[in-house]
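Engineer: got a sequence here, can you build the structure:
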Amino acid sequence: MIFAAVAMRDGFSGPAAGAIREGAALPGWAVLGGTLVPLLAVCLIVEAWMRLSWRALVRTGDGVIVDRAEAVLSGARWSVATIHVVAVLGLGWMDLVRSVVGDWILLDELIAVLPALGAGAAGWWSYAPIARAVRDATLVGAMERGEPIYPPLSRREYVVMQVRHGIGSVGVPMALIAGWTDVFLRVENWARALPVNGAADGGPLGWLAHSEPLASWLWIAVRVAGVAAVFIVTPGLMRHVWSTVALGPGPVRDRLMALCRREGVKIRDILVWRTQGAIVNGAVMGIVPRLRYVLLTDAMLDRFDGEHLEAVMAHEVAHVRRRHIPWLATVLIVGLLGGGVFIEAGLHALGVDTWDGWWALAATVVAGLASLTSLVCTFVLFGWVSRRFEWQADAFAAQHLTRFPSSRAGERAGETGPGEVAGVEGAGSPPVVTPRAAGAMVGALEAVRRINHIPRWKWSFRHGSIGERQRRLDALVGRPVGALAIDRTVRRIKVATLLVLVIAVAAAATGGVW
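Structural biologist: All right, here's what the predicted structure looks like:
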């Protein structure tokens, strides 16, 4: 939300732009105080809570204290994001920044998000002693189980790692999109300022820039192409933003690459995501094969057995096979840009762009609330779709391990039950998800939960809870592999997204709101 608020603010034109950018005209000291003071208050509250929690944890060893500290940290992140959104869309924080530093390409946007990012980093700084205490408490058990032990992270190293992984994954593409938007708007304004006729006419470009509705469609196509280019090149950058190294040759790499070949997924490389054993996770990045990477953390490679590792790899491959990455990007773009289009149309229909005098303040409030509502709805929708994509990826892992049972670790002759060969129950029956296939993914999630100390029913915005995912996997057992309910749900989501995109683009082009 931090980066999206800036992008949404710069994407406005027409009545919303006039209301948000000029309506309130608050004095600079009020904007500065309204932005920084609440952020500072959040930082101080989190620091005080974490200090008290750390002392109580050292004294009692009660794990509930850790859960509460994590909940406070999560709430603080949402509070910081909300404060930033209100400051950008309601108080005029971007205008204040630009009045001081000027309207440079990307520089003013980066300065505008720094207070919010700094508040987020401060939260991790406050939480670091608790994370260290939890890590120290698990060392004896890890040594008894023969698990690898990594050098402890200093407080600074912990914060840097969290910033790189937590902010970098979103910040890098959003910063590139913001920079592209800056460049695009400057080029568009320059082209529209070219004369059409006369001795010093603008030539073909000037004619094209004034040819409506052709020009509107052209600007939309160029803008969308730039955003698509950002998502294409970002994985090549992210492998350096995060600490990664290529997985070396060996049976693990051979097995995981064979899985990709079976599913017809091309990747450039499998990367070891170096977290000093602090994170157990996997990820996939990239839309095009030449810039597509699968990442597995060092702790996952060290602690997972072959079957669980293959289940995680199949889950990540599912994101590619089902095209979750471009569809998530499309959902976000449709929400942000489509929301802007509908807000413009609604405010214009209400006549907000004609309000002046004291009514200008009311126009600012109306436009700001509409923008905030649109932004919140976009992210609620994004999380809702993301969770269903995760459920589909889990199901895909169970489908894969059903279709290719011979690739599972420890598969031996006679291990399958009567009538259960490659997921087939009886001659001529359609293949169904087997208990072992679903159980492999359930076990992988359980290992992630145990090693990362995640409560089973702790809810995540993008992934939901591990308990819910495990419950859904258990419900797949005995279901036909090619006819799962989650696949039908995702198809409906994609069709609805395309319909909204077409409507938003048509409204933007015909109404000239972009």
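Engineer: confidence score at Ala363?
Structural biologist: pLDDT, Ala363: 61.
Engineer: scratch that, Val140
Structural biologist: Reported pLDDT for Val140: 74.
Engineer: and the strands in the stretch 1-150 of the chain, which stretches?
Structural biologist: Under the criterion DSSP state E, counting those that start in this stretch, the stretch 1-150 of the chain carries no strands.
Engineer: which stretches of it form helices?
Structural biologist: Under the criterion DSSP state H, counting those that start in this stretch, the stretch 1-150 of the chain contains helices at 2-11, 14-22, 28-60, 63-86, 93-101, 107-137, 139-144.
Engineer: now those in JSON lines, with distance to Glu310 and mean neighbour count?
Structural biologist: (C-beta placed from N, C-alpha, C; glycine too.) Formatted as JSON lines, these follow (distance: least, Cβ to Cβ, whole Å; neighbours: other Cβ atoms under 10 Å):
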{"stretch": "helix 2-11", "distance to Glu310": "35", "mean neighbour count": "23"}
{"stretch": "helix 14-22", "distance to Glu310": "50", "mean neighbour count": "22"}
{"stretch": "helix 28-60", "distance to Glu310": "37", "mean neighbour count": "16"}
{"stretch": "helix 63-86", "distance to Glu310": "30", "mean neighbour count": "18"}
{"stretch": "helix 93-101", "distance to Glu310": "48", "mean neighbour count": "19"}
{"stretch": "helix 107-137", "distance to Glu310": "28", "mean neighbour count": "19"}
{"stretch": "helix 139-144", "distance to Glu310": "23", "mean neighbour count": "11"}
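Engineer: longest helix anywhere in this structure?
Structural biologist: Looking across the chain with DSSP state H, the single longest helix is helix 359-403.
Engineer: any idea of the angle it forms with helix 63-86?
Structural biologist: 130 degrees (axes from the mean of the first three to the mean of the last three Cα atoms, to 10 degrees).
Engineer: which parts of stretch 213-223 are buried?
Structural biologist: Of all the residues in stretch 213-223, those buried under the rule 16 or more other Cβ atoms under 10 Å are Ala215, Ser216, Trp217, Leu218, Trp219, Ile220, Arg223.
Engineer: what does stretch 262-269 contact?
Structural biologist: Contacts with stretch 262-269, where a contact means Cβ atoms under 8 Å, 6 or more residues apart in numbering, come from 246-247, 260, 284, 286, 289-294, 314, 317, 320-321, 400, 404, 407.
Engineer: let's see that with 10 Å instead.
Structural biologist: Contacts of stretch 262-269 from elsewhere in the structure, counted by Cβ atoms under 10 Å, 6 or more residues apart in numbering, are 235-236, 239, 244-247, 253, 256-257, 259-260, 284-286, 288-295, 313-314, 316-321, 396, 399-400, 403-404, 407.
Engineer: ditto for stretch 58-73
Structural biologist: Contacts for stretch 58-73 (Cβ under 10 Å, 6+ apart): 45-46, 49-50, 52-57, 120, 123-124, 126-127, 129-131, 133-134, 137, 453-455, 458.
Engineer: hmm, 7 Å instead?
Structural biologist: Contacts to stretch 58-73, defined as Cβ atoms under 7 Å, 6 or more residues apart in numbering, come from residues Val46, Trp49, Met50, Ser53, Ala56, Leu57, Gly123, Tyr127, Ile130, Ala133, Val134, Pro455.
Engineer: how far off centre is that stretch?
Structural biologist: Taking Cα atoms, centre = their mean, to the nearest Å, one finds the center of stretch 58-73 at 27 Å from the center of the full chain.
Engineer: and stretch 475-488, by the same measure?
Structural biologist: Mean-position distance between stretch 475-488 and its chain equals 27 Å (Cα atoms, centre = their mean).
Engineer: buried sites along that stretch?
Structural biologist: Buried residues in stretch 475-488, counted by 16+ other Cβ under 10 Å: Leu476, Val477, Arg479, Val481, Leu484, Ile486.
Engineer: which among those residues gets closest to Val88?
Structural biologist: Nearest to Val88 among the buried residues of stretch 475-488: Ile486, at 36.4 Å, using Cβ to Cβ.
Engineer: which SSE is that closest one in?
Structural biologist: Secondary structure from DSSP states H and E places Ile486 in helix 485-511.
Engineer: tell me the mean pLDDT over that helix?
Structural biologist: Averaged across helix 485-511, the pLDDT comes to 85.
Engineer: what's the least confident stretch among the helices of the stretch 1-150 of the chain?
Structural biologist: helix 14-22 (a mean of 46).
Engineer: with adjacent residues omitted, what lies nearest to Leu40?
Structural biologist: Nearest residue to Leu40 in three dimensions, chain neighbours excluded: Ala119, at 7.9 Å (Cβ to Cβ, 6 or more residues apart in numbering).
Engineer: do I have it right that the one you found meets Cys43?
Structural biologist: Yes. Ala119 is within contact range of Cys43, at 5.5 Å (criterion: Cβ atoms under 7 Å).
Engineer: in a helix, Gly264, correct?
Structural biologist: No. Under DSSP: H, G, I helix; E, B strand; the rest coil, Gly264 sits outside any helix and is assigned coil.
Engineer: now it: how far from Arg488?
Structural biologist: Gly264 is 22 Å from Arg488, where distance means Cβ to Cβ, to the nearest Å.
Engineer: returning to what we had before: in terms of secondary structure, what does the longest helix of the chain contact?
Structural biologist: helix 2-11, helix 14-22, helix 63-86, helix 306-321, helix 324-350, helix 435-451, helix 466-476, helix 485-511 (3 or more Cβ pairs under 7 Å, 6 or more residues apart in numbering; DSSP states H and E).
Engineer: one more pass at 6 Å, please.
Structural biologist: Counting contacts by 3 or more Cβ pairs under 6 Å, 6 or more residues apart in numbering; DSSP states H and E, helix 359-403 packs against helix 14-22, helix 306-321, helix 324-350, helix 435-451, helix 466-476, helix 485-511.
Engineer: so can I have CSV of those helices showing distance to Glu70?
Structural biologist: Formatted as CSV, the helices and strands packed on helix 359-403 follow (distance: least, Cβ to Cβ, whole Å):
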stretch, distance to Glu70
helix 14-22, 35
helix 306-321, 23
helix 324-350, 25
helix 435-451, 14
helix 466-476, 15
helix 485-511, 29
